[in-house]
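Participant: give the three-dimensional model of this entry:
(chains A and B)
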Protein chains: 2
Amino acid sequence: MRRRSLLALAPSLLLADTRRPWAEVEKILEQGNFQGRLSVDDLPTPALLVDLDALDANIAKMAAHCKAAGRALRPHGKTHKCPEIAKRLMAAGAVGACAAKLSEAETFANGGISGLLVTTAVIGKHKIERAVLLAAKRPDTIFCVDHEQNVADLDAAAREAGQRLNLAIDLNVGNRTGIATGEPALQLAQAIARHKNVRFGGLQAYAGQASHKNGFDDRRTMSRGIMQTAVDTRRMIETSGIPCPLLTGGSTGTYNIDSEVEGVNELQPGSFVFMDIDYARIGGKGDPVYRDFQYSLSVLTTVVSKPAATEVVVDGGLKAFSTDKPFRPEPKGIEGIEFGWGGDEHGKLNLAKASRNLAVGDRVEFLVPHCDPTVNLYDRIYGVRGKQVELSWAIAARGMSQ
Amino acid sequence: MRRRSLLALAPSLLLADTRRPWAEVEKILEQGNFQGRLSVDDLPTPALLVDLDALDANIAKMAAHCKAAGRALRPHGKTHKCPEIAKRLMAAGAVGACAAKLSEAETFANGGISGLLVTTAVIGKHKIERAVLLAAKRPDTIFCVDHEQNVADLDAAAREAGQRLNLAIDLNVGNRTGIATGEPALQLAQAIARHKNVRFGGLQAYAGQASHKNGFDDRRTMSRGIMQTAVDTRRMIETSGIPCPLLTGGSTGTYNIDSEVEGVNELQPGSFVFMDIDYARIGGKGDPVYRDFQYSLSVLTTVVSKPAATEVVVDGGLKAFSTDKPFRPEPKGIEGIEFGWGGDEHGKLNLAKASRNLAVGDRVEFLVPHCDPTVNLYDRIYGVRGKQVELSWAIAARGMSQ
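Facilitator: Here you go, the predicted model:
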């Protein structure tokens, strides 16, 4: 390598950068009213983006499917954690939103969302007191339960407050939470019916193992079998004389399977709004790739180092992408690149077989392995159309796992 | 199972719960001045806890080690992301704090921290403008660089603002970012020296592969070899006539190795404040387990479902724990339990071989697989001594990966 002379200074590239100064960008970001003034190139990276055209198309498609199938749509809010997206879904016909936890539901309620279904049991004195407060604000909220003690506790708290809480029984069809289908669920429904300050609202059946079953036919066989046990439980409860107005369940992976099961009258898919690499690989109807919904979510990064001619490092690592799946972030618009984890803050890209070269300062956009936990890393999501940033939404329920 | 009579109602357990009402707890949490009024049992779960006795012992031990070894201590703030903890470290003798990214450094600066070292290169017009603003506020901030163009850009921005920025060269000893040791690093130091609006502040050498190398002796051999190349580069630069006042590096895994390397004059460990399962398994000096620092960090959860006699589900899943390591959260105070991921919001515990039984409503505290990305999931950390919650700190730089 030739030694540079002491007077040879590298020229700054900053003058060649035509972006407006940061002080102006910061003001625009704070004002939140972008009006065509903000480009994706202006966003500090790593940044979470949602393609609004793809988001709207996904919402419209799911809403149309549910409408045609005569099923209610109550999309799961744990995916987006964003009241603005919940509102967009309701504008398209959704009856409300599911929330995984009480604090997520409270955030949605504060954000103007009604029709909430809290999909995890609300346990313990304090959370039950909060559930009663939430129900006072949004009386149509439904709380999932899976054992009788919880029903008694909710009933006592509701009585104390002079309220009546809507309860749905969480059925254990997914090897996680819930009470067994059949007789145990019937007994729990009867217990709910005996308590005066709670109202039996129906059944919830969510089976994660079916959602992500590879291959449409195998997935259909599995989900139909599972949902039939839920339907049988519904009928058993109705036959006992207890009305059971709701059987809610399903996922992005099974939306067009469960909607064909007679007796499942509500779907609660979440990931379809964004899609991710995990869902793409499960396969669609007659297609090895699942393409029912478009990728709308991505993470924008910047190349911050080029330690070798065929290697660059981007500014997104374990704190920018979820790591719970074996899949890596996939760059958009570049072929032949494999992403390697570079610790908390960095990702390593080997360019040896890349379809184009990358330099320090270049931006690289990635599809994400798993949408829900990735979104949960960010405080804001930027809505883009092409290069324009149209809006910024607070991920208001980020971190709300309580 | 016997069918209950229609009149047999399960009694509520809420009356037996002697905790103060949620409305009071909420007020105490909002006021932030706990004064012995808040118990860990009052915290909504999942909650991130730090044992203050263990934290203080860890800080004191590392500070004493660095003092005795005559090394400066600039702990990495990407672990805790909490200005209050950075302050606690400085009160014990730390010279400042490292920040992985610019936005993390800005947050620390706003939180009153000086002596900042930004360990990732600041790339692009906007971030360089922000770096200049940060340096105006905290003139002792040091920015890492690893190529000449970035030096030229920083110099131009500093000139424009009438400032002078401190730069350290990031050496590529960790297979991630940085410039090669030896001649390339010397040339970059010479380039910095030629620019009038930047000041050459020294070298950074961080090698993640050494930090987590299993077995103390192997780790020592590896880290000594790596750090020696950094020291050689330091000497080469000094011999060329450019003063090199700083060689910073090291980690929780190598703090007592690198501090013995002549020429490494500053340590930047991060995880020692909290510890995690990942670090425990690397082994200590003459010990298969690394016990130099105590576990101070944990995540408190609640059992929310008991789907079978030997299985319970807690309310912490992929959004409550980092998942980038192959290790699972480990329950404190219960033996024979294996944690299984139960999706975004749940963890499954098999009780078949558990040292004690668990019921719905019980609380289970877990050690975490990897501290940094776990902390990055929470907005607050609760400082506890025994059952008392003494304080709550904002994890102000949570999500600040920009």
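
Participant: how about the contacts made by residue A:109?
Facilitator: For residue A:109, the set of contacting residues under the criterion of CB atoms under 8 Å, 6 or more residues apart in numbering or on different chains consists of A:116, A:134, A:137, A:138, A:141. Glycine gets a C-beta too; all of them are placed from N, C-alpha and C.

Participant: pretty sure the last one contacts residue A:134?
Facilitator: Yes. Judged on CB atoms under 8 Å, residue A:141 makes contact with residue A:134 at a distance of 5.7 Å.

Participant: joint contacts of the two?
Facilitator: In the contact map built from CB under 8 Å, 6+ apart, the residues linked to both residue A:141 and residue A:134 are A:105, A:109, A:116.

Participant: now the host helix or strand of the second one - C-alpha only, CSV.
Facilitator: Under DSSP states H and E, the secondary-structure element containing residue A:109 is helix A:102-110. Listed next in CSV are the C-alpha coordinates belonging to helix A:102-110 (Å, rounded to 0.1, in the frame of the first residue of the first chain):
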residue,chain,number,x,y,z
LEU,A,102,-54.1,-6.7,30.1
SER,A,103,-51.6,-3.8,29.7
GLU,A,104,-51.8,-4.2,26.0
ALA,A,105,-55.6,-4.0,26.1
GLU,A,106,-55.5,-1.0,28.4
THR,A,107,-53.2,0.7,25.8
PHE,A,108,-55.6,-0.1,23.0
ALA,A,109,-58.5,1.2,25.1
ASN,A,110,-56.7,4.4,25.8
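
Participant: which residues in the stretch 1-150 of chain A form helices?
Facilitator: Across the stretch 1-150 of chain A, reading from the start of the chain, the helices by DSSP state H, counting those that start in this stretch fall at A:22-31, A:52-69, A:83-91, A:102-110, A:125-137, A:148-161.

Participant: can you say which of the ones you listed is nearest to residue B:26?
Facilitator: Of all the helices of the stretch 1-150 of chain A, it is helix A:125-137 that lies closest to residue B:26, at 8.7 Å by CB to CB.

Participant: now do the buried residues in whichever helix or strand residue A:305 is part of.
Facilitator: Under the criterion DSSP H and E, the helix or strand holding residue A:305 is strand A:297-308. The neighbour-count check on strand A:297-308 (16 or more other CB atoms under 10 Å in any protein chain shown) flags A:297, A:298, A:299, A:300, A:301, A:302, A:303, A:304, A:305, A:306, A:307 as buried.

Participant: the first one and residue A:278 touch, don't they?
Facilitator: If I follow you right, that is residue A:297. No. Using CB under 8 Å, residue A:297 is not in contact with residue A:278, being 12.0 Å away.

Participant: residue A:330: how many residues sit nearby?
Facilitator: Using other CB atoms under 10 Å in any protein chain shown, residue A:330 has 18 neighbouring residues.

Participant: what's the residue of the stretch 51-200 of chain A at minimum distance from chain B in contact with, if anything?
Facilitator: Proximity of the stretch 51-200 of chain A to chain B (CB to the nearest CB) peaks at residue A:156, 3.3 Å away. By CB under 8 Å, 6+ apart, the residues touching residue A:156 are A:197, B:12, B:14, B:15.

Participant: how many neighbours does the first one have?
Facilitator: When neighbours are defined as other CB under 10 Å, residue A:197 has 17 of them.

Participant: pull stretch A:328-342 out as PDB, backbone CA atoms only.
Facilitator: As requested, the backbone C-alpha atoms of stretch A:328-342 are provided in PDB (Å, rounded to 0.1, in the frame of the first residue of the first chain):
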ATOM      1  CA  ARG A 328     -32.000 -14.600   9.300                       C
ATOM      2  CA  PRO A 329     -33.100 -11.100   8.100                       C
ATOM      3  CA  GLU A 330     -33.300 -11.100   4.300                       C
ATOM      4  CA  PRO A 331     -32.100  -8.000   2.400                       C
ATOM      5  CA  LYS A 332     -34.600  -6.600  -0.100                       C
ATOM      6  CA  GLY A 333     -33.400  -5.900  -3.600                       C
ATOM      7  CA  ILE A 334     -30.000  -7.700  -3.200                       C
ATOM      8  CA  GLU A 335     -29.500 -11.400  -4.000                       C
ATOM      9  CA  GLY A 336     -26.800 -13.700  -2.800                       C
ATOM     10  CA  ILE A 337     -26.200 -12.100   0.600                       C
ATOM     11  CA  GLU A 338     -26.300 -14.000   3.900                       C
ATOM     12  CA  PHE A 339     -26.900 -12.100   7.100                       C
ATOM     13  CA  GLY A 340     -24.800 -13.000  10.100                       C
ATOM     14  CA  TRP A 341     -25.400 -11.800  13.600                       C
ATOM     15  CA  GLY A 342     -22.800  -9.400  14.700                       C
END
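
Participant: I am finished for the moment; much appreciated.
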